[in-house]
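>>> the following block contains a protein sequence and its predicted model.
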Amino acid sequence: MRALRLGTRRSKLAMAQSGQVAERIRRLTGRSVELVEVVTTGDISREHLTAIGGTGVFVSALRDELLAGRIDLAVHSLKDLPTAQPPELALAAVPGRADPRDALVARDGLTLEALLRAGAADGSGRPARVGTGSPRRMSQLHVHARSLGCEITTVPIRGNVDTRIGYVRAGELDAVVLASAGLHRVGSEEAITDLLDPDTVLPAPGQGALAVECVASRDDLVAELGRLDDPPTRIAVTAERALLSALEAGCSAPVAALADHREDEPGTTVLHLRGAVGTTDGATSMQLSTTGPVPASDGEATARADRMGRDLAAEMLAKGAAGLMGERAQ
Ligand SMILES: NCc1[nH]cc(CCC(=O)O)c1CC(=O)O
């Protein structure tokens, strides 16, 4: 049998996660897998992602290659995947999720709270300068700083993981916030100085999870790749993405969501879903949560998770969430 062609961006993070999925396929199916590099608009453009239409730009070039039949499968960071799934493509697997939390990489090994209280490194009394281009992170960092009676200066940055960590090493910023999962995938986890509690900074929908995509009409391939699927992860991210989709938010909007399976009573698992929105300056924000049963069948549980996400979004909209998403992508 010929080798499966796995299309990947050539960033360190994309290569790492594609390589890890390729290895899982080889081990589970015995199929050989070959990595094929694909260049995307997001890799070329130096503009801020919000200015070029969100992180979907990373995904579209890979999808074009799938539809043209030049590659057999693609691996995306699930949080970069637009919520509308094109019918010609199948989300064949959502493998087991890594830690969904955001991580702080701060000067002098500081935690977020210690950094906010300490302020800028020069002792000038100015607020700490924290790099992130994500409206979701900015919003929640400002809310948290205010709750501690501190201020924070957020600085929009872009670039790959090494570039972002480099700003802290060079002393240009006091800290940067990145996904823990990405730092682990590229082997830079030792740079993490604090893992942010989701009650403080709730991650992006799908953060820490991967999506394995192929052409929907290739039934055998869909089934083969389906062996990588982790039902609890798929159920959780389904709830998070349903919430995002129902809020009709662009992928750069400040929407956060995290679902996790919890033991309710001994032997009974429930799905707990948190959702948050807020203005970028953190002046107004909202966080709501809900809990629902997890039916025994994975199909029913996924459908139920989808409804939970949409119901929580409806509750958020009824409480004025739309007014907090002014920055949403046009
Ligand atoms: N938006 C870029 C992006 N897409 C996926 C990850 C990290 C891995 C993940 O969350 O699965 C990152 C970098 C980051 O947010 O720090």
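Perfect, I can see it now. Nothing here was measured: the structure is a model prediction, and the numbers come from that model.
>>> now the helices: where do they sit in this structure?
With helices called from DSSP state H, the chain shows them at 12-29, 41-44, 56-67, 112-118, 135-147, 161-169, 180-185, 219-225, 231-246, 298-318.
>>> residues of the stretch 101-250 of the chain that sit close to the ligand?
Within the stretch 101-250 of the chain, the positions near the ligand by CB under 6 Å from any ligand atom are L178, A179, A181, G182, Q207, G208. Any C-beta I mention is one placed from the backbone N, CA and C, and that applies to glycine too.
>>> which of these has the most neighbours?
Q207 (27 neighbours; other CB atoms under 10 Å).
>>> now stretch 243-261, how far from the centre of its chain.
With CA atoms, centre = their mean, to the nearest Å as the basis, stretch 243-261 stands 10 Å off its chain's centre.
>>> for it, measure first residue to last.
17 Å (CA to CA, to the nearest Å).
>>> need the helix or strand of the chain with the lowest average pLDDT.
The weakest-scoring helix or strand in the chain, judged by mean pLDDT, DSSP states H and E, is helix 41-44 (a mean of 62).
>>> which strand residues bridge the residue nearest to T193 when sequence neighbours are not counted?
Spatial nearest neighbour of T193, excluding adjacent residues (CB to CB, 6 or more residues apart in numbering): A106 at 4.5 Å. Per DSSP bridges, the residues bridged to A106 are A175.
>>> for the stretch 1-150 of the chain, give me the ranges with low pLDDT.
By pLDDT under 70, the low-scoring segments of the stretch 1-150 of the chain are 40-56.
>>> pLDDT wise, what is the residue of the stretch 201-330 of the chain found nearest the ligand at?
For the stretch 201-330 of the chain and the ligand, the shortest gap (CB to the nearest ligand atom) falls at Q207, measuring 4.1 Å. Looking at Q207, its pLDDT is 98.
>>> most proximal residue of the stretch 151-300 of the chain with respect to the ligand?
Closest to the ligand within the stretch 151-300 of the chain is G182: 3.0 Å, counting by CB to the nearest ligand atom.
>>> show me what contacts that residue?
L13, S77, V161 (CB atoms under 8 Å, 6 or more residues apart in numbering).
>>> quick check, nearest of the residues you listed to A223?
S77 (23.9 Å; CB to CB).
>>> quick one on the thing from earlier: correct me, but the residue of the stretch 201-330 of the chain closest to the ligand touches A181?
Yes. Shown here, Q207 and A181 form a contact pair, counting by CB atoms under 8 Å, at 6.8 Å.
>>> mutual contacts of these two, please.
P100.
>>> surely L271 meets T291?
Yes. Counting by CB under 8 Å, L271 touches T291, with 7.0 Å between them.
>>> contacts for stretch 257-270, please.
With contacts defined as CB under 8 Å, 6+ apart, stretch 257-270 is touched by 100, 198, 202-205, 207, 232, 235-237, 239-241, 243-244, 271-276, 291-294, 305, 308-309.
>>> which parts of it are buried?
For stretch 257-270, the buried set under the neighbour-count rule, 16 or more other CB atoms under 10 Å, comprises A257, L258, A259.
>>> if we can go back for a sec, most tightly packed of the helices of the chain?
Highest mean neighbour count among the helices of the chain (mean count of other CB atoms under 10 Å): helix 231-246, with a mean of 25.
>>> what helices and strands are in contact with it?
If you count contacts as 3 or more CB pairs under 8 Å, 6 or more residues apart in numbering; DSSP states H and E, helix 231-246 packs onto strand 255-263, strand 269-278, helix 298-318.
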